[in-house]
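S.K.: build me a model from this:
(one chain, ligands or ions: 1)
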Amino acid sequence: MRIDIMTLFPEMCETVLGESILGRARENKLVDIHCHDIRAYTIDKHRRVDDYPYGGGMGMVMQAQPIYDCFEAIVRAAGSRPHLIYLSPQGGVFRQRRAVELASMSHIALLCGHYEGVDERVLEELVDEEISIGDFVLTGGELPALAVVDAVARMLPGVLADEESFTEESHYGGLLEYPQYTRPPQWRGREVPEVLLSGHHANIATWRRKQSLQRTLHKRPDMLEQFTMSKEDAKLMSAIREEESAE
Ligand SMILES: C[S@@+](CC[C@H](N)C(=O)[O-])C[C@H]1O[C@@H](n2cnc3c(N)ncnc32)[C@H](O)[C@@H]1O
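M.R.: Here you go, the predicted model:
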């Protein structure tokens with residue numbers, strides 16, 4: 001999969017994307033990520049990429065021309081037109097489901113805004129989708145773009161050591177993940193649940209499923225409204241409710 005990021009701060013993106021799991025995935029050519037400096041495409045003799053908003057008001061607006069030319073250069077270099085996402089607090093809120101869908105595309109590009117945002121005309125001309133990472137406003141689209149790239153890239157084959165590491169995780173299957181523990185078995189008087197030390201795989205799986213249901217019930221009851229329970233899940237859920245009402 002190829003991912004292009006259009007930004008005024010390519011080094012900020014490169015720094016993050018060179019580290020840890022994504023850094024290794026890039027080295028191993030499991031994902032092909034390119035960070036582009038929008039400023040390199042301006043035709044302004046002072047290398048400006050922003051200007052005052054028409055109609056007045058605070059702040060500056062990113063101009064259409066450098067963004068358009070940067071995108072055209074990406075299309076030429078890749079030989080294909082990517083699905084273009086503008087990171088914006090006005091977009092639909094990003095969810096795991098969308099990360100999985102985007103990971104099935106062969107080429108996406110991300111446009112990071114800054115200042116007061118981007119000239120609307122270039123958005124109308126180019127953008128296929130707007131994505132927000134939550135109902136709050138950041139200074140730029142770089143952190144949201146990095147969050148999207150991370151969530152998408154870790155879904156690609158080979159990026160994580162084991163596919164189970166994401167299919168069991170929070171949100172992937174509609175529930176939150178069960179609690180995790182590592183050595184030592186006792187820490188500050190707190191013990192690892194006995195079942196996890198038993199080596200009994202079926203009991204461990206049932207305990208984990210029950211914990212997932214219980215955590216989701218308490219931390220994100222809204223998620224259960226969308227979740228279709230199997231017969232086994234329904235049994236575990238009634239056991240949870242009985243235990244809790246007896247407490
Ligand atoms: C200060 S914001 C501009 C906000 C814009 N004036 C508005 O009110 O909708 C600058 C840039 O940060 C990015 N950004 C800020 N908050 C974001 C969020 N919650 N999700 C995604 N991108 C965001 C966008 O790329 C945006 O163009």
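S.K.: and the residue of this structure nearest the ligand?
M.R.: Minimum separation of the chain from the ligand (Cβ to the nearest ligand atom) falls at Gly113, amounting to 2.1 Å. Every C-beta, even on glycine, is put in place using the N, C-alpha and C of the backbone.
S.K.: that residue: neighbour count?
M.R.: Residues contacting Gly113 under the criterion other Cβ atoms under 10 Å number 25.
S.K.: who are the contact partners of it?
M.R.: Met62, Tyr86, Leu87, Ser88, Gly140, Gly141 (Cβ atoms under 8 Å, 6 or more residues apart in numbering).
S.K.: phi, psi of the nearest residue to the fifth one once chain neighbours are set aside?
M.R.: Spelled out, that is Gly140. Spatially, and ignoring its direct neighbours in sequence, Gly140 is nearest to His114 (4.4 Å; Cβ to Cβ, 6 or more residues apart in numbering). Dihedral pair for His114: phi -150, psi 180, per degrees, to the nearest 10.
S.K.: I'd assumed Leu138 was in contact with His114.
M.R.: No: using Cβ atoms under 8 Å as the test, His114 is too far from Leu138 to be in contact (9.8 Å).
S.K.: more neighbours, these two?
M.R.: His114 (21 against 15).
S.K.: the residue nearest to Gly140: what's it in contact with?
M.R.: Taking Cβ under 8 Å, 6+ apart, we find His114 in contact with Leu8, Phe9, Asp50, Met62, Thr139, Gly140, Gly141.
S.K.: next helix or strand past the strand of greatest length in the chain?
M.R.: Identified as the longest strand of the chain according to DSSP state E is strand 83-93. Later in the chain than strand 83-93, the nearest helix or strand by DSSP states H and E is helix 96-103.
S.K.: that following helix near the ligand at all?
M.R.: No: judged by Cβ under 6 Å from any ligand atom, helix 96-103 makes no contact with the ligand; its nearest approach is 13.1 Å.
S.K.: pull out the buried positions in that helix.
M.R.: Buried positions in helix 96-103, judged by neighbour count with 16 or more other Cβ atoms under 10 Å: Gln96, Arg98, Ala99, Leu102, Ala103.
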